[in-house]
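A.B. asks: below: sequence and its predicted model.
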Amino acid sequence: MFINKILDGLHFINKPQRLFFQSLFSTMLVCQTAINFLSLARHSDLNEKTFRRNFRKPFCFPSLNRNISEKCQVVAPVAVAQDASFIKKSGNHTFGLDKFWNGSQSRVEKGLELSLISVIDQPNNASLALSAAQTPPHLARSETDKNRPTRIDFYLQHFLETVPHFPKAIKYLLADGFYAKLKFVNGVWQNGFHLISKLRADANLQYLFNGIQKPRGARRKFAGKVDFADLRQFEQTILTLDTKEIKLFSKVVWSVSLKRHLKLVIVKFKKRSVNLFSTDLAVAAAEVLKLYRSRFTIEFLIRDAKQSAGLADCQARDQKALEFHWNASFAAVNLARLKASQTNPAGEPKPFSMKSIKQQFFNEHLLKMFICKLDLEQTLIKYQEHFEKLRNYAVISA
């Protein structure tokens with residue numbers, strides 16, 4: 001099985017762990033109900049207590065996920081994405097319960113939050129999870145209280161802890177506008193990476209002064225505040241994306257809040273505009289837009305993990321088991337994507353469907369059970385012309 005080949009590439013895994021993960025991922029890709037300890041035990045030969053016990057053991061998921069991404073033949077990825085996701089959780093004794101932003105409801109709710117870092121596979125317009133960590137509760141929500149760590153401190157810490165597992169070609173971190181804070185931008189830049197993110201519509205920016213300096217006195221640095229209604233000083237580029245014409249206005253400016261030079265790219269389409277920026281001043285405006293658009297693939301990764309890999313189904317209450325469950329869910333999505341890439345012929349891109357991959361695994365598992373329990377001749381049945389039709393039964397995209 002292809003899962004065994006992935007686990008064989010991990011030098012730090014022992015035989016009991018290898019057998020457990022083989023059973024875990026096989027069961028997660030077969031299970032059609034909520035993926036929790038009880039349902040995992042119902043669909044496998046392992047006991048419920050075995051899953052509970054192993055979910056509290058440490059395991060290096062970033063190494064596993066990087067191994068999967070390399071098997072997926074991701075061509076020299078240059079960017080990773082980071083985002084946070086709200087997880088609903090009932091009860092009052094689960095670690096990490098706090099009020100977090102729930103994007104699906106557009107409001108703050110009580111629950112859990114995870115921080116996810118993924119590798120961007122631009123040619124296939126996809127994200128492959130690398131690391132997931134739980135946001136601690138009761139962190140300061142702004143930097144006004146300097147005696148308490150903020151959520152930005154945690155997001156930066158998670159990023160730095162994952163850096164050793166990045167592919168060598170990674171140069172950019174893609175994040176939404178919430179991460180455009182001074183501490184986060186400086187932390188990413190000081191560790192040799194560039195941030196591509198979004199600025200507020202009323203961002204305080206200054207033009208750089210390039211004129212003749214006075215012979216005496218302090219040198220003039222700025223030439224006035226950027227007026228987003230007057231973009232005559234910007235370099236204009238016109239792109240056509242998905243049959244839509246998009247205008248890009250780019251210029252190196254000074255950010256008052258971030259206290260650094262930025263490559264500002266104003267994207268205008270129809271009556272809307274978005275202010276993107278990069279700490280890499282030499283990057284082209286079109287590349288900034290292209291990379292930032294690829295950030296949204298992390299949203300699809302989270303969606304697949306929630307809908308088909310049991311991301312929000314964990315029954316545990318302590319932090320170790322919760323993070324293990326979340327990382328296992330994302331690893332299951334990575335494995336499904338690997339399986340899809342192996343079945344697709346080279347040069348023929350095909351839409352990825354997590355539900356279709358799981359349906360195929362379930363059908364094949366059920367067929368094997370019939371063959372085994374009815375004592376049928378396995379070789380003859382697998383070479384039957386109808387075997388593949390049964391394997392793809394109820395699949396969305398075969």
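C.D. replies: Thanks, I have the structure now.
A.B. asks: report the longest strand in the protein, please.
C.D. replies: Across the chain, the longest stretch assigned as strand under DSSP state E is strand 107-121.
A.B. asks: what lines up beside that strand in the sheet?
C.D. replies: strand 79-87 (antiparallel), strand 98-102 (antiparallel), strand 126-134 (antiparallel) (DSSP bridges).
A.B. asks: could I have that strand exported to CSV, CA atoms only?
C.D. replies: Coordinates of the C-alpha atoms in strand 107-121 are reproduced here as CSV (Å, rounded to 0.1, in the frame of the first residue of the first chain):
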residue,chain,number,x,y,z
ARG,A,107,-18.6,36.6,14.5
VAL,A,108,-16.7,35.8,17.6
GLU,A,109,-17.7,32.5,19.2
LYS,A,110,-16.5,30.2,22.1
GLY,A,111,-14.5,27.3,20.8
LEU,A,112,-11.0,26.3,19.8
GLU,A,113,-8.6,27.6,17.1
LEU,A,114,-5.8,26.0,15.2
SER,A,115,-2.9,27.6,13.3
LEU,A,116,-2.0,25.9,10.0
ILE,A,117,1.1,26.2,7.8
SER,A,118,0.9,24.6,4.4
VAL,A,119,3.2,24.3,1.3
ILE,A,120,1.8,25.9,-1.8
ASP,A,121,1.8,23.7,-4.9
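A.B. asks: show me which positions of it end up buried.
C.D. replies: For strand 107-121, the buried set under the neighbour-count rule, 16 or more other CB atoms under 10 Å, comprises 111, 112, 113, 114, 115, 116, 117, 118, 119, 120, 121. (C-beta placed from N, C-alpha, C; glycine too.)
A.B. asks: turn these into CSV, columns for distance to residue 303.
C.D. replies: Supplementary listing: these in CSV, determined by distance: CB to CB, whole Å:
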residue, distance to residue 303
111, 17
112, 17
113, 16
114, 14
115, 17
116, 12
117, 17
118, 13
119, 17
120, 16
121, 16
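A.B. asks: just the closest of the residues you listed to residue 267, please.
C.D. replies: Set against residue 267, the nearest of the buried residues of strand 107-121 by CB to CB is residue 120 (18.8 Å).
A.B. asks: measure that closest one to residue 309 for me?
C.D. replies: If you measure residue 120 against residue 309 using CB to CB, to the nearest Å, the figure is 20 Å.
A.B. asks: ditto for residue 102
C.D. replies: Separation of residue 102 from residue 309 (CB to CB): 20 Å.
A.B. asks: out of the two, which sits in the more crowded spot?
C.D. replies: A direct count of neighbours by other CB atoms under 10 Å for residue 102 and residue 309 places residue 309 higher, at 27 against 17.
A.B. asks: what segments of this protein are strands?
C.D. replies: According to DSSP E, the strands that the chain contains are 79-87, 98-102, 107-121, 126-134, 172-174, 194-199, 205-208, 222-225, 235-241, 244-255, 260-269, 272-278.
A.B. asks: in contact with the nearest residue to residue 78 once chain neighbours are set aside, which residues?
C.D. replies: Leaving aside its sequence neighbours, residue 78 sits nearest to residue 171 (CB to CB, 6 or more residues apart in numbering; 5.1 Å). For residue 171, the residues meeting the contact criterion (CB atoms under 8 Å, 6 or more residues apart in numbering) are 78, 79, 193, 194, 280.
A.B. asks: over to residue 70?
C.D. replies: If a contact means CB under 8 Å, 6+ apart, then residue 70 has residue 167 as its contacts.
A.B. asks: can you give me the distance of it to residue 289?
C.D. replies: If you go by CB to CB, the gap between residue 70 and residue 289 works out to 28 Å.
A.B. asks: same check, this time on residue 274
C.D. replies: Taking CB to CB as the measure, residue 274 falls 9 Å from residue 289.
A.B. asks: which neighbours do those two share?
C.D. replies: Residues within reach of residue 274 and of residue 289 at once, by CB under 8 Å, 6+ apart, are residue 267.
A.B. asks: in terms of neighbours, single out the busier of these two.
C.D. replies: Between residue 274 and residue 289, counting by other CB under 10 Å, residue 289 is the more crowded of the two (21 against 15).
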